[in-house]
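In: I would like to see how this sequence folds:
(one chain, ligands or ions: 1)
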Amino acid sequence: MRIAVVGLGIAGLSVCARLALAGHDVSGFDQFEPMHANGSSHGDTRIMRLTPGEGEIYVKLARRAHEIWRTWEGLAGRPFIEWTGGLMAGPRGSPFVAASQRLSHTPAAIMRGDAVHAMTRGYIAMPYEWDVFRQADAGVIAADAVRAFLLKQAPRWGAKLHHSARIEAPIDGLVLKINDEARAFDVVIVAAGGWARKLLPEFAGKLAVKRRVVGWFESPNPRMAPVICADNDEGVYGMPAPRGFISLACTPSAAQPILTTCANRMPRMQHCSANMRVCCCQRTNPNLCAWRVASTRSRPTNISSSRRAASTIAFCCSQPAPVTASNSRRCLAPSPKIG
Ligand SMILES: Cc1cc2nc3c(=O)[nH]c(=O)nc-3n(C[C@H](O)[C@H](O)[C@H](O)COP(=O)(O)OP(=O)(O)OC[C@H]3O[C@@H](n4cnc5c(N)ncnc54)[C@H](O)[C@@H]3O)c2cc1C
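Out: Below is the predicted model of the structure:
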């Protein structure tokens, strides 16, 4: 049976590798070069949660996915997931936090936001009135490392991977047009991420591509950073990243007000603070990268004292450092492009 996999992001690569290991005749196609940064899969880290509070169906999927991650770890002879634990947080009564606790196999009590400050030795501060569930089975995946591993191994297991091979949209049946050349398959699997709407227009109404703005925060002790998922309007989530950074993402509409707030308050806040700072990096287009620094007092009661601050997760650093041209360049990782 000839199987085609359209798209070689992490999903398509995993499918190719699994099918090849099972002895199938599988060919994978991607429009770009290996390890490209145009889809969703590139980057150092991704959050892994075995008990996603978004719903029970995701718990089943996450646990099944975890089995597959463990297969890759076993075959690679190295871990790809670091279990840092996670803080699932949200305003009081958050259904997401409650579900994270309910669905967890090791339920712990829901804490108040200010407990996080002490628990992380002042490293993370959250609004006092927030609910926070400390989830043990959360961590970070070494995303690019897994991609590199599968790109190398899948061909060794027999998968035929083709790059710079664009499949014409829409896909209609089992004959694919690959760079204008038609090829027939017995099975076609589409793993095209954000492009699926073009390739499979019948699903377009059910799929939406949403942008997230990611910032990299310098961290004095990145190993202390847990995964964070916040059930707030800004859709904030964050995780430890290599080279002493933690990454933090939020909706584009939230990023600009946060940056503006930081810029406006920076001089005063720097003056009154010695031990806390927040950096935000926003890429509004591929050539523009803006950095801002804000400092504020470290007591969590102060963080919840204004509307803006009430929905802000603040990461504390012991030594505020000035933002310079050199550290602003560190955020030049490409943002996802959906073409
Ligand atoms: C900034 C960011 C942060 C994220 N954080 C997390 C996280 O913490 N935890 C988590 O679980 N998930 C996270 N995600 C989501 C996760 O990264 C994605 O769900 C995952 O990478 C999707 O992989 P994919 O292979 O389905 O898609 P993609 O990586 O987008 O791959 C799709 C591939 O299909 C190819 N393709 C498309 N059309 C064609 C065509 N016509 N012909 C040939 N090839 C084609 C593309 O070139 C691309 O390589 C995040 C995503 C982003 C962008």
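In: Tell me the residues of this protein that contact the ligand?
Out: Residues of the chain lying near the ligand by C-beta under 6 Å from any ligand atom: 6-12, 29-32, 38-41, 46-47, 166-167, 169, 191-195, 199, 212, 214, 249, 336. C-beta: built from backbone N, CA, C; applies to glycine.
In: Give me the buried entries from those.
Out: The neighbour-count criterion (16 or more other C-beta atoms under 10 Å) marks 6-12, 29-32, 38-39, 41, 46-47, 167, 169, 191-195, 199, 214, 249, 336 among the residues of the chain next to the ligand as buried.
In: model confidence over stretch 138-145, on average?
Out: Average pLDDT, stretch 138-145: 93.
In: picking that back up, which of the residues of the chain next to the ligand fall in helices?
Out: Counting by DSSP state H, the residues of the chain next to the ligand place Ile10, Ala11, Gly12, Leu199 in helices.
In: want to throw these into CSV with pLDDT?
Out: CSV is the format used below for those (pLDDT from 0 to 100):
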residue, pLDDT
Ile10, 96
Ala11, 96
Gly12, 97
Leu199, 96
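In: any chance of those in TSV, with distance to Thr51 too?
Out: Shown next, in TSV, are these (distance: C-beta to C-beta, whole Å):
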residue	distance to Thr51
Ile10	21
Ala11	21
Gly12	26
Leu199	32
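In: Residue of the stretch 101-250 of the chain nearest the ligand, please.
Out: As assessed by C-beta to the nearest ligand atom, the ligand sits closest to Gly193 within the stretch 101-250 of the chain, at 2.5 Å.
In: just checking, that residue touches Gly9?
Out: Yes. Judged on C-beta atoms under 8 Å, Gly193 makes contact with Gly9 at a distance of 5.3 Å.
In: Now for these two: what residues contact both?
Out: Taking C-beta atoms under 8 Å, 6 or more residues apart in numbering as the contact rule, Gly193 and Gly9 both touch Gly39, Ser40, Ser41.
In: Nearest to Trp157 among those?
Out: Trp157 has its nearest neighbour among the shared contacts of Gly193 and Gly9 in Ser41, at 19.4 Å by C-beta to C-beta.
In: Look at that closest one and report its pLDDT.
Out: Confidence score, pLDDT, at Ser41: 90.
In: Quick check: it vs Ala143, distance?
Out: Between Ser41 and Ala143 the computed distance is 6 Å (C-beta to C-beta, to the nearest Å).
In: swap in His36?
Out: Between His36 and Ala143 the distance is 13 Å, computed by C-beta to C-beta.
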